[in-house]
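**Q** Sequence first, predicted coordinates after that:
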Amino acid sequence: MSVRIILIGPPGAGKGTQAAKLSEKLGIPAISTGDIFRANVAGETELGKTAKRYMDAGEYVPDEVTNSMVQDRLGQDDAQAGFLLDGYPRTEAQVAELDRMLEGMGEKLDHVVELTADTDEVVERLLARAQLQGRSDDTEDVIRHRLDVYAEQTQPLTDIYAERGLLRQVDGLGDVDAITERIVKAIDV
């Protein structure tokens, strides 16, 4: 099956879990920018070395580095028949760059799935995860701030994709398999 999907949603909405399930179900790679960063850093690629300098300094990796890594990953054989992007694009500039990349490949996006979730429930989920993983810096205030930043930065992207008729909003809370089925139904595959 050939399908190109972006999966977006607030921290704690289950994007990583759903990306893995959808990747298996649809037979396309789930591509996470976090995984791309780690692979390039571990492989000591030129892009990885550049990204590592920013990451080690606690700074945001510039769009041009992120874009180059994503373009390289989308050019790999397993992504030719489709992909699911998790964590990219995050800015309007990255939306424009992804459009340019796909146009250069003769491809286009099929769907943008936004996992929606009640803020209080996401906070509880992230606090529980923080406790399990020993993340003492993930306090309720920090989590709520991350959710506010996400909402502020993501709204312009969801507006862009809604205007293009690509946005599918899916409730990201509940049973994992039920959420996967809701996504599959929303994208009609």
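**A** It's in. The structure displayed is predicted, hence computed values, not measured ones.

**Q** which stretches of this protein have low pLDDT?
**A** Along the chain, segments meeting pLDDT under 70 span 1, 189.

**Q** all helices for the protein, in order.
**A** With DSSP state H as the criterion, the chain has helices at 15-26, 33-42, 46-56, 63-74, 92-105, 119-133, 140-163, 176-187.

**Q** hmm, who's touching the third one?
**A** With contact meaning Cβ atoms under 8 Å, 6 or more residues apart in numbering, helix 46-56 is reached by 37, 39-42, 60-62, 65-66, 68-69, 72. (Each C-beta comes from the backbone N, C-alpha and C, glycine too.)

**Q** Which one (most neighbours) among those?
**A** Greatest neighbour count in those, by other Cβ atoms under 10 Å, goes to residue 66: 24 neighbours.

**Q** from memory it sits against residue 88, does it?
**A** Yes - Residue 66 is within contact range of residue 88, at 7.0 Å (criterion: Cβ atoms under 8 Å).

**Q** what sits in contact with each of these two?
**A** 33, 94.

**Q** Number of residues surrounding residue 173?
**A** Residue 173 has 15 nearby residues by other Cβ under 10 Å.

**Q** so who does the residue nearest to it when sequence neighbours are not counted touch?
**A** Spatial nearest neighbour of residue 173, chain neighbours left out: residue 117 (5.3 Å); criterion: Cβ to Cβ, 6 or more residues apart in numbering. Applying Cβ under 8 Å, 6+ apart to residue 117 gives the contacts 9-10, 12-14, 171-173.

**Q** Quick one: which of those residues is the most crowded by neighbours?
**A** The most crowded member of the contacts of residue 117, judged by other Cβ under 10 Å, is residue 13 (27 neighbours).

**Q** looking at it, that one is touching residue 172, isn't it?
**A** Yes - the pair residue 13 / residue 172 is scored as a contact, 4.1 Å apart, by Cβ under 8 Å.

**Q** Need the overlap of contacts for those two.
**A** 115-117.

**Q** In a markdown table, list these along with distance to residue 152.
**A** Output for the shared contacts of residue 13 and residue 172, formatted as a markdown table (distance: Cβ to Cβ, whole Å):
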| residue | distance to residue 152 |
| --- | --- |
| 115 | 17 |
| 116 | 16 |
| 117 | 16 |
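
**Q** quick revisit: of the contacts of helix 46-56, which is the nearest to residue 23?
**A** Nearest to residue 23 among the contacts of helix 46-56 is residue 39, at 15.9 Å by Cβ to Cβ.

**Q** Please tell me how far the closest one sits from residue 168.
**A** Per Cβ to Cβ, to the nearest Å, residue 39 is found 29 Å from residue 168.
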